[in-house]
Structure formats: C-alpha cells, structure tokens
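A.B. asks: Take a look and give me a structure for this.
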Amino acid sequence: MESFTSTVKSQVFYLDGFDAKGTIASISICYWYENSARSSWDAFMPPRTLECALYKTLEEFPILAGYLKTDASNRMYIDVDKDNLNMPVYTDTCCEVEYSTMQESGFNIHELPIDMGSRRGIPVPSGLVGGRIVPAQFRIVRFKNNSGVLVYSRISHYITDGYGYTQFMNRWAEVSRWMQQPQDANAAPLPERQYIHDRAFHAAYRTKQTTALEPKVIDSLTTRTMFSRWLAWVTPETRARIFKAISNATDNTCSYFHISSKQMEDIRTSVQKHAPEGIRYSMHDIFTAYVTIVVGQAKEKVSTDWWSKPIPAAIRAIFGNRLGKPVDFEPGSDVNTRTRLSHPDANRFMGNMAIGKSIAVPPEQFQTEPTAEALSTIALSVHQAISTVDEQYASQIGYLLDKEPDSYMWSTFCSTKSGNKIAISNQSRFAHYSVDFGAGIPSMVRH
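C.D. replies: I've put the predicted structure just below:
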C-alpha cells in the first residue's frame, strides 16, 4: 500500500451527468478460479502478490481512492486528497469449503459460510469503514485445501462503467502476472498503459451538431419533481441510504440461467435466416430479444394473476377492461458510446459512456413462443434502435444530463418507475474471461 500512498497526488475529478446517474449503483462481479493442479499457496494466486499488484494498479487509477463530494452549485466531484485517502477495502480470507462444493452449487455466492458484505447494487455507506461511501471493495476468498479462489470486486458506478471496470480488472491481473516473473536483468518490463479519468475528455468531444431525441427521452431528462430535486441536493451519503431503504423494501431475488456460447450461436444462426437482407444480428440483438419474450410474458402473467383477485377484479368490472390491459414492454439496452466517437483515444477513457436505449415492444410480439421468426422481429427492432445511437445522439443526451444539477436524478426515476421496463446490461461483450492473475482464466464469471 505504501508504494501507492507515498506517490499519489492530490487531485479533483468533476463528474458529468453520465457519472452522476451511477451514484446510486455499483458494479459487482465474482471471478472463480479452480486450482486443478493443486499448486502451492505461493504458486496459485499468491496472497502478497495480488495485494501488491492491486496497489500498483491504483497508481494508474487514483480516482478509486477519493471521496465523493458536492460543491456549492451541487456539482459532484471525487476528491483525491493524498493526506486523507478514501482507500478501497481489501481483504484476503480462507473458508472451510472446497471449491468443488461451490462448483456443485452453481457458484452460488449465497452458499458461502462467510459474510461477503453488501451485494446489492447501491454503494451504501458501511459501518465497517466509518460510514463512508467506499469507492471500491475487493475480497479474496481462498477455499479449503487451496482448491480454488474467488475474487470478488465491487466498484461504485459513478467511477466507471462496465467497460472501464474490465479495463481495471485486466490491468490488475496483468500487473500480478508481471510481478510473478523472475525480477532479474532479463525480466520484461511491465507493459505501459495510459488511462484517461478526466471527464473533460468526454465533454470536449461532444459534437455541436446534435440529433432529435425521442419524446420519451426528452421527457425523462427535462421533467422534474420536488422529490427528485430534493434527492439531487442531499449529501451523497444520505441519498445512498434512501435508495438502500427503497431497495430493501423491494423483492430483489436473483436467478441464474446458463446458456452456453454454442447454444446462443445456434440460436443466432436460426434467427439470422429471418433477418431482412443486409441486416446481420449481433449476439446482443438475439439475447435482448430472448429476454424480452421471457420476461415480458412473466410480467404479464403476474399482472393477469393480480387482476384476477376479488378486489382488483371488482375495480376492473366498474371501470372497464382497459384496466390491466397489456401494454408495450420496454427493454433497455446499454450502448457503449466509445465505439461511436471518432477520437482515437476513446477506448482509454474510464468514465461512464454507456447510454440506455429503450425499445418499445408491443404485446403481440412478446406474447408468443420464442421461435426464430418471433425472435427476429424483436431483434430487428433492437438492432435498428441501437444503430441510431451515434456521436450526435450521445452528445445531445450529454448536454441534457449536464443542463441542470438534478437532471440525472429525474432520468433515473423515469428509468425505474414503470413496471414494464427492464434494463439489460450485457457483460459478455467485455473482457471478463481474460482476467488472468497468473493461474489461468476464471472458470466462471458471475454477478
């Protein structure tokens, strides 16, 4: 740790509207590594090396050691003070469970006999670290008889998005591999990487020419309520506690479903046969279409079951069958706008650059079996919607998000207030399975 704390410089990173939306969320990923060769403790994910590699990586990501604050105009920023650092939490522990046991459980983190801390998305202050919002948490769990290792990483979303998250994890792994080579005269130097954390980069490359946004998008970024204004003006810690309470009051049950890459490719091949000429579906188009049909039908069944109960049924009888009538289902797909920027350094920018693009799917499209033809209909809508997100579209979103200090908060409310919406974040597009700390790639990566 000293190598980082003795070299870090005091600096301030002002956040933009894209980052501000992330102040109520975090990115949590579990990387599972099996020690199939049963290598020794000092050869398989060595404890000291992983920790030292993390702090060396922080030298290139100093933003992970700052406090989230607001200035007099309520603009949020991250304050990295070399004399008062907000260091990430790092722990390395052992448990009396074999790796194979976790493997048999489907890598269910809830089966671990130790408390992994908060796994919800909201970066809520923890009493274990003085009530502060921790920018990042890293937990290493070593299984019985050195049979495997779990690397649990949680980074607050206001610091980066999914792309930046995997850039950090891969750099940490790269530094770890480098440290494990013999450090002699013949040792290869650590490959140089340069990362951009200054949000001015993002703003500087917004185009002056913008494009028309959909009415729903404009409404979500320009319409405000007293509650959203109040939430935007309270301290980050208070806002986090409020959203934590909201989160605890809702059912956040998580389910895992496994579809192999081969199965998805077979589905894509079948669906592609129904695509219009000149359209090539991505795996993300197919995945979003499949989730839309499955979740859309599930939500409709829950709604139908509720309206069949005595009191709701009586209300419906009085006011007509228009109550409870199926409405459009709106899957929202995250688009990494780095690929839309013409600047060659866009992929070095670590701030938030993802835009959620909603697609309205009418009931007749998701009230069907997920045949290749039905999937193609929805996949085409997804494909066309995502293709409209260009440099001008992203710039206009950015201008509106930054227009008022609370713009981000109302857009956050609009993205969650409808029960017929779902946000789809496709982590498979990022390099999670290349995170190799020196013992090979993970056998499983999971939220």
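A.B. asks: What sits closest to Ser376 if chain neighbours are left out?
C.D. replies: Leaving out its chain neighbours, the residue that sits closest to Ser376 by Cβ to Cβ, 6 or more residues apart in numbering is His274, at 3.7 Å. Any C-beta I mention is one placed from the backbone N, CA and C, and that applies to glycine too.
A.B. asks: The one you found: what's it in contact with?
C.D. replies: The neighbourhood of His274, defined by Cβ atoms under 8 Å, 6 or more residues apart in numbering, consists of Ala372, Glu373, Leu375, Ser376.
A.B. asks: Now, of these, which are buried?
C.D. replies: Neighbour-count burial within the contacts of His274 applies to Ala372, Leu375, Ser376; the criterion is 16 or more other Cβ atoms under 10 Å.
A.B. asks: any idea which of those is closest to Asn86?
C.D. replies: Checking the buried ones among the contacts of His274 against Asn86 with Cβ to Cβ, the nearest one is Leu375 at 45.9 Å.
A.B. asks: The closest one in helix, strand or coil?
C.D. replies: helix (DSSP: H, G, I helix; E, B strand; the rest coil).
A.B. asks: Quick check, it in contact with Val271.
C.D. replies: Yes - proximity of Leu375 to Val271 meets the contact threshold set by Cβ atoms under 8 Å, at 4.8 Å.
A.B. asks: between the two, what contacts are shared?
C.D. replies: Here Leu375 and Val271 share the contacting residues Ile286, Ala289, scored by Cβ under 8 Å, 6+ apart.
A.B. asks: For Ile293, pull up the helix or strand it's in.
C.D. replies: Counting by DSSP states H and E, the element that carries Ile293 is helix 283-307.
A.B. asks: brain fart, Ser333
C.D. replies: strand 330-336.
A.B. asks: neighbours around Gln392, how many?
C.D. replies: For Gln392, the neighbour count with other Cβ atoms under 10 Å is 17.
A.B. asks: Roughly how far does it sit from His343?
C.D. replies: As judged by Cβ to Cβ, to the nearest Å, Gln392 and His343 stand 14 Å apart.
A.B. asks: Same question for Asp16.
C.D. replies: The value you get for Asp16 to His343, if Cβ to Cβ is used, is 16 Å.
A.B. asks: what do you get for Asp184?
C.D. replies: For Asp184, the distance to His343 under the criterion Cβ to Cβ works out to 40 Å.
A.B. asks: between the two, who's got more neighbours?
C.D. replies: For Asp184 versus His343, neighbours defined as other Cβ under 10 Å are more numerous around His343 (13 against 6).
A.B. asks: quick one: the more buried one and His202 touch, right?
C.D. replies: No - with contacts defined as Cβ under 8 Å, His343 does not count as touching His202, sitting 10.0 Å away.
A.B. asks: and the nearest residue to Tyr281 once chain neighbours are set aside, how many neighbours does it have?
C.D. replies: Ranked by Cβ to Cβ, 6+ apart and with sequence neighbours excluded, the top spatial neighbour of Tyr281 is Ala379, at 5.1 Å. As a burial measure, Ala379 scores 27 neighbours (other Cβ under 10 Å).
A.B. asks: Please enumerate the helices of the stretch 301-447 of the chain.
C.D. replies: Using DSSP state H, counting those that start in this stretch, the helices of the stretch 301-447 of the chain run over residues 310-319, 363-366, 372-387, 391-403, 407-416.
A.B. asks: Would you single out the least confident of the ones you listed?
C.D. replies: For those, mean pLDDT drops lowest on helix 310-319, to a mean of 53.
A.B. asks: Take stretch 228-242 and give me the span from its first residue to its final residue.
C.D. replies: 12 Å (Cα to Cα, to the nearest Å).
A.B. asks: Next, the buried residues of that stretch.
C.D. replies: Applying a neighbour-count criterion of 16+ other Cβ under 10 Å, the buried positions in stretch 228-242 are Ser228, Leu231, Ala232, Pro236, Arg239, Ala240, Arg241, Ile242.
A.B. asks: which pair in these spans the largest distance?
C.D. replies: Maximum pairwise distance in those, criterion Cβ to Cβ, is 16.8 Å, between Ser228 and Arg241.
A.B. asks: Can you name the residues that contact the closest residue to Ser395 other than its chain neighbours?
C.D. replies: Taking Cβ to Cβ, 6+ apart as the measure, Ser395 lies nearest to Arg206, with 3.9 Å between them; neighbours along the chain are not counted. Taking Cβ under 8 Å, 6+ apart as the definition of contact, the neighbours of Arg206 are Ala394, Ser395, Gly398, Tyr399.
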